[in-house]
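Engineer: got a predicted structure plus its sequence, pasted below:
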Amino acid sequence: MSDAKKVFVRTYGCQMNVYDSDRMTDALAPEGYASTDTLEDADLVILNTCHIREKAAEKVYSEIGRIRKLKDARAETARPMTLAVAGCVAQAEGEEIMHRAPAVDLVFGPQSYHRLPELLKRAGAGDRVVETDLPTEDKFKALPAASREVTLKRGVTAFLTVQEGCDKFCTFCVVPYTRGAEVSRPIAQVLDEARRLADAGVREVTLLGQNVNAYHGKGPDGADWGLGRLLHALADIPGLDRLRYTTSHPRDMDDELMAAHRDLDALMPYLHLPVQAGSDRILGMMNRKHTAAEYMALVERIRAARPDIALSGDFIVGFPGETEDDFRATMKLVEEVGYASAFSFKYSPRPGTPGAALDDQVPEEVKSERLARLQALLSQQQQAFNASKRGAVMDVLFEKPGRFEGQLGGRSPWLQAVHVEAPAELFGEIRQVVIEDVGPNSLVGRLTGDEAAARPSGADGRVAAEAGGRA
Ligand code: SAH
Ligand code: SF4
Ligand code: F3S
């Protein structure tokens, strides 16, 4: 039996939380914690939470309830369990979590992750600790990097947070309160981390930020570099064949970024560009600071720069005061754009945001009905987009085992899941594939090169019916 302590991290919410969970695990490695996928095995449980909608936030409390039973059973043993709540619920509700959930030992917000070892020591000494300050020190600099082995184990695609926080204050959104002010990491720091990832075999990096295209990091020349310039520098790193970034705000798509889409082969032709709504009145009330026509003009410019680009978006239905006409404007915009994929949500009033205080909240059943109409249209568009790739020849990055024996799972340049009959050695490689079958949420392809000839084809063009797809 090893006496290494074990940490179990459960991640909710956006990709930034996925990235943060790994960084927390990395920060605990020097403290003797190994990571485990088995809750029952853990000495330390961290719930990395999301506050974006009420449902997301409430999930945490039911999870705490379940874990409490495990924790109670271990209380008098030689291996007591420590329960910590991190992430955006921690930041937003700090003390309230302590009141509502006595089983929680430690609550800490996203800007304190580098202090986790120290906070744990305090919690271990018997205190219940709440740490939700938004400090100004450079958390990223203080967080240790993952070892090469750990990076390798995490796979051939990786997230890399380059910008955090938000100054935009859309009236529905908690992010500016849970993540704090917008901060960009310096160029050298980002390039270092990207090089380390590439050295460990990572082939695709997705740059993350709540407004990633507002990125303006200090460059080695002392000037502020925008995202376009950063992407150019990343594309020069040997081994990094694919670059993506998310999430973008329509107001921050500058010319340099647009040019990067035109000029960089490594920058994948896929852009998540949330618009939220199609009615100018609602956009105004949401404080998005652009109109539907401006968004459409932007889409045209992006498509002119990179004609094969696939667009994805986020939508909110039932923002306070949204009428049937407003909603129809959203449907019209969706029809005009044609999305390859999208996420859509019922408006959820969040405590402390201006939207929650507005009169004219839209009744639940109206929201549900609008969401169903919007999702029907969006999923029709996603299927049409997938169908348009039937017969197409494309590069696929193999990133995981396939669904069936003998298959590998990969991604198309447009972020579609692709299942291909392929030898396991191709894991982590990019190969040309021809698409033979398409489903609502994935494609089935066949290798075109030598490896295909080396194996019996066998592909029966089967696309398993997949549940879900949030769009
Ligand atoms: N920074 C991104 C969005 C981050 S939050 C942007 O500006 O587009 C991710 C998505 O959650 C948002 O795009 C929005 O569609 C949804 N969302 C945020 N707050 C919400 C709320 N109060 N109710 C419902 N959906 C919400
Ligand atoms: Fe939230 Fe708006 Fe900031 Fe996006 S831009 S994180 S929606 S406040
Ligand atoms: Fe949720 Fe926080 Fe991300 S609220 S969406 S985890 S930034």
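Structural biologist: Looks like it arrived, so ask away. Numbers count the residues shown, from 1 in each chain. Ligands and ions are numbered 1, 2, ... in the order given.
Engineer: list the buried residues of the longest helix along the chain.
Structural biologist: The longest helix of the chain (DSSP state H) is helix 364-387. Of the residues in helix 364-387, those buried by neighbour count under the rule 16 or more other C-beta atoms under 10 Å are 366-367, 370-371, 374-375, 377-379, 381-383, 385-386. The way it works is simple: take the backbone N, C-alpha and C, and place the C-beta from them, glycine included.
Engineer: repeat that for stretch 130-142.
Structural biologist: By neighbour count with 16+ other C-beta under 10 Å, stretch 130-142 contains the buried residues 130-132, 139-140.
Engineer: closest to ligand 3 among those residues?
Structural biologist: When the buried residues of stretch 130-142 are compared for distance to ligand 3, the smallest value, 13.4 Å, is given by T132; criterion: C-beta to the nearest ligand atom.
Engineer: for the closest one, give me phi and psi.
Structural biologist: The phi and psi torsions at T132 (degrees, to the nearest 10) take the values phi -130, psi 20.
Engineer: isn't it right up against M98?
Structural biologist: No: look at T132 against M98 with C-beta atoms under 8 Å: they stay out of range, at 11.0 Å.
Engineer: shared neighbours of those two, which are they?
Structural biologist: Overlap of the contact sets of T132 and M98 (by C-beta atoms under 8 Å, 6 or more residues apart in numbering) consists of V107.
Engineer: ok so, going back, pull out the buried positions in the helix or strand just after the longest helix of the chain.
Structural biologist: Scanning the chain past helix 364-387 towards its C-terminal end, the next helix or strand to appear is strand 393-401 (assignment: DSSP states H and E). The neighbour-count criterion (16+ other C-beta under 10 Å) identifies 394-399 as the buried residues of strand 393-401.
Engineer: ok, the buried residues of helix 364-387 vs ligand 3, which is closest?
Structural biologist: Ranked by distance to ligand 3 (C-beta to the nearest ligand atom), the buried residues of helix 364-387 are led by L371 at 18.4 Å.
Engineer: contacting residues around that closest one?
Structural biologist: 317-318, 344-346.
Engineer: in TSV: the buried residues of stretch 130-142, plus pLDDT and distance to ligand 1.
Structural biologist: As requested, these are exported to TSV (pLDDT from 0 to 100; distance: C-beta to the nearest ligand atom, whole Å):
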residue	pLDDT	distance to ligand 1
V130	93	24
E131	92	24
T132	91	20
K139	86	20
F140	87	19
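Engineer: which helix or strand contains the residue located most distally from the centre of the chain?
Structural biologist: Of all residues in the chain, E76 has its C-alpha farthest from the mean position, at 38.9 Å, by C-alpha atoms, centre = their mean. Secondary structure here is read from DSSP H and E; on that basis E76 sits in neither a helix nor a strand.
Engineer: look at it and report its pLDDT.
Structural biologist: For E76, the pLDDT comes out at 84.
Engineer: repeat for R148
Structural biologist: Per-residue pLDDT puts R148 at 85.
Engineer: how about it, what does it touch?
Structural biologist: By C-beta under 8 Å, 6+ apart, the residues touching R148 are 196, 199-200.
Engineer: from those residues, which ones fall inside helices?
Structural biologist: In this view, the contacts of R148 that belong to helices under DSSP H are 196, 199.
Engineer: can I get the contacts of R148 in CSV including distance to ligand 2 and pLDDT?
Structural biologist: Written out in CSV, the entries for the contacts of R148 read as follows (distance: C-beta to the nearest ligand atom, whole Å; pLDDT from 0 to 100):
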residue, distance to ligand 2, pLDDT
R196, 28, 95
D199, 32, 94
A200, 30, 93
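Engineer: need the buried ones from the contacts of R148 selected in PyMOL.
Structural biologist: A single PyMOL command selects the buried members of the contacts of R148 (16+ other C-beta under 10 Å):
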select buried, resi 196+200
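Engineer: in the one helix or strand V9 maps to, which residues are buried?
Structural biologist: In this assignment (DSSP H and E), V9 forms part of strand 5-11. Residues of strand 5-11 classed as buried by neighbour count (16+ other C-beta under 10 Å): 5-9, 11.
Engineer: now stretch 351-365
Structural biologist: Within stretch 351-365, the residues that qualify as buried are 353-356, 361-362, counting by 16+ other C-beta under 10 Å.
Engineer: ditto for stretch 303-312
Structural biologist: Taking 16+ other C-beta under 10 Å as the basis for neighbour counts, the residues of stretch 303-312 that come out buried are 305-306, 309-312.
Engineer: swap in stretch 172-181?
Structural biologist: When burial is assessed from 16+ other C-beta under 10 Å, stretch 172-181 yields the following buried residues: 172-180.
Engineer: switch those residues over to a markdown table; also include pLDDT, secondary structure and distance to Q189.
Structural biologist: Conversion of the buried residues of stretch 172-181 to a markdown table gives the following (pLDDT from 0 to 100; DSSP: H, G, I helix; E, B strand; the rest coil; distance: C-beta to C-beta, whole Å):
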| residue | pLDDT | secondary structure | distance to Q189 |
| --- | --- | --- | --- |
| F172 | 98 | coil | 32 |
| C173 | 98 | coil | 27 |
| V174 | 97 | coil | 27 |
| V175 | 96 | helix | 22 |
| P176 | 96 | helix | 23 |
| Y177 | 95 | helix | 26 |
| T178 | 94 | helix | 23 |
| R179 | 93 | helix | 18 |
| G180 | 92 | coil | 18 |
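Engineer: how far does stretch 23-36 stretch from start to finish?
Structural biologist: Terminal residues of stretch 23-36 are spaced 15 Å apart (C-alpha to C-alpha, to the nearest Å).
Engineer: is it anywhere near ligand 3?
Structural biologist: No: judged by C-beta under 6 Å from any ligand atom, stretch 23-36 and ligand 3 are separated, with a smallest distance of 13.5 Å.
Engineer: just stretch 128-145 next, same as before
Structural biologist: No: using C-beta under 6 Å from any ligand atom, no contact is recorded between stretch 128-145 and ligand 3, whose separation bottoms out at 13.4 Å.
Engineer: so where's the stretch 1-150 of the chain uncertain?
Structural biologist: Screening the stretch 1-150 of the chain residue by residue with the criterion pLDDT under 70, one finds the ranges 1-3, 136.
Engineer: show me what from it comes close to ligand 1.
Structural biologist: Within the stretch 1-150 of the chain, the positions lying close to ligand 1 (C-beta under 6 Å from any ligand atom) are 52-53.
Engineer: what ranges do the helices span in the stretch 1-150 of the chain?
Structural biologist: For the stretch 1-150 of the chain, the helices defined by DSSP state H, counting those that start in this stretch occupy 15-28, 54-74, 87-100, 116-124, 139-142, 148-154.
Engineer: can you put those helices in CSV and add distance to L160?
Structural biologist: Formatted as CSV, the entries for these read as follows, by distance: least, C-beta to C-beta, whole Å:
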stretch, distance to L160
helix 15-28, 7
helix 54-74, 24
helix 87-100, 19
helix 116-124, 20
helix 139-142, 10
helix 148-154, 11
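Engineer: quick one: which of these is nearest Y339?
Structural biologist: Relative to Y339, the nearest member of the helices of the stretch 1-150 of the chain by C-beta to C-beta is helix 15-28, separated by 18.9 Å.
Engineer: what comes up buried for that closest one?
Structural biologist: For helix 15-28, using 16+ other C-beta under 10 Å, the buried residues are 16-28.
Engineer: in CSV, list these along with distance to G284.
Structural biologist: Supplementary listing: the buried residues of helix 15-28 in CSV, determined by distance: C-beta to C-beta, whole Å:
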residue, distance to G284
M16, 28
N17, 30
V18, 33
Y19, 33
D20, 33
S21, 36
D22, 39
R23, 37
M24, 39
T25, 43
D26, 43
A27, 42
L28, 45
